[in-house]
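> give me a model of this one.
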Amino acid sequence: MEVENHIIKNVRFLQSPNHNERPDKEKISLLIIHCISLPEGNYEGSNVEDFFLNKLSISNHNSFDKIKDLKVSSHLYIKRNGELVQFVPFNKRAWHAGESSYKGVSDCNNYSIGIELEGTDDDFYTADQYDTLIEVTKGVINNYPLINKDSIVGHSDVSPGRKTDPGTKLDWDRFLEAL
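Got it, this is the predicted structure:
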């Protein structure tokens with residue numbers, strides 16, 4: 001995986017407006033794994049992409065009314081077929097972790113990269129997703145040396161009690177051992 005100007009080369013890049021500058025004093029040192037599907041459990045269409053681009057049609061599903069005012073993004077999104085989409089350059093602060101803390105340092109968005117897997121907390125991830133997740137994580141580790149196996153966590157780890165993703169079906173051993 002080749003990164004140029006904090007964007008993965010030869011990957012679909014859809015620039016989300018939902019990002020800002022990282023604080024100067026922070027270093028990129030954490031990788032957070034999430035999951036998302038809109039509506040939950042639906043893996044058809046472009047609802048997730050539209051959500052990160054603030055273009056989600058709220059009338060598409062009654063559950064979207066709950067998220068209509070949210071401004072959310074992730075650096076990367078891995079679809080069920082393994083397709084990788086980037087929304088925010090790695091040197092920018094994506095809005096994926098919300099209220100969060102890791103090892104006593106709050107606001108994880110300041111120093112983390114967020115990867116969303118298309119899925120739910122209680123659904124298995126696909127082999128294609130693991131392949132892409134492993135490849136992109138290796139690339140992140142190579143380009144951002146403060147990130148290593150010990151600094152890869154789930155959203156549930158940085159927002160316990162508030163978030164449960166990526167859920168119990170993520171095979172952490174399969175993922176981390178491949179790195």
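> contacting residues for Cys108?
Contacts for Cys108 (Cβ atoms under 8 Å, 6 or more residues apart in numbering) come out as Leu30, Ile32, Ala97, Ser100, Ser101, Tyr102, Val158. For every residue, glycine as well, the C-beta is placed using N, CA and C.
> quick check on it: phi, psi?
The phi/psi pair for Cys108 (degrees, to the nearest 10) reads phi -60, psi -20.
> rewinding a little: can you pick the most crowded of the contacts of Cys108?
Highest neighbour count within these, by other Cβ atoms under 10 Å: Ile32, with 30 neighbours.
> for the host helix or strand of it, packing partners?
Following DSSP states H and E, one finds Ile32 within strand 30-36. Packing partners of strand 30-36 (3 or more Cβ pairs under 8 Å, 6 or more residues apart in numbering; DSSP states H and E): strand 112-118, helix 127-143, strand 152-154, helix 155-158.
> closest one to Ser73 among these?
Closest approach to Ser73 among the helices and strands packed on strand 30-36 (Cβ to Cβ): strand 112-118, 8.0 Å.
> from the chain's centroid, how far away is that closest one?
On the basis of Cα atoms, centre = their mean, to the nearest Å, strand 112-118 sits 1 Å off its chain's mean C-alpha point.
> can you give me the angle it makes with strand 30-36?
Interaxial angle, strand 112-118 versus strand 30-36 (axes from the mean of the first three to the mean of the last three Cα atoms, to 10 degrees): 20 degrees.
> so what touches strand 112-118?
By Cβ under 8 Å, 6+ apart, strand 112-118 touches 28-37, 43, 48, 73-80, 90, 94, 96-97, 102, 125, 129, 133, 136-137, 140, 144, 147, 158, 166, 170.
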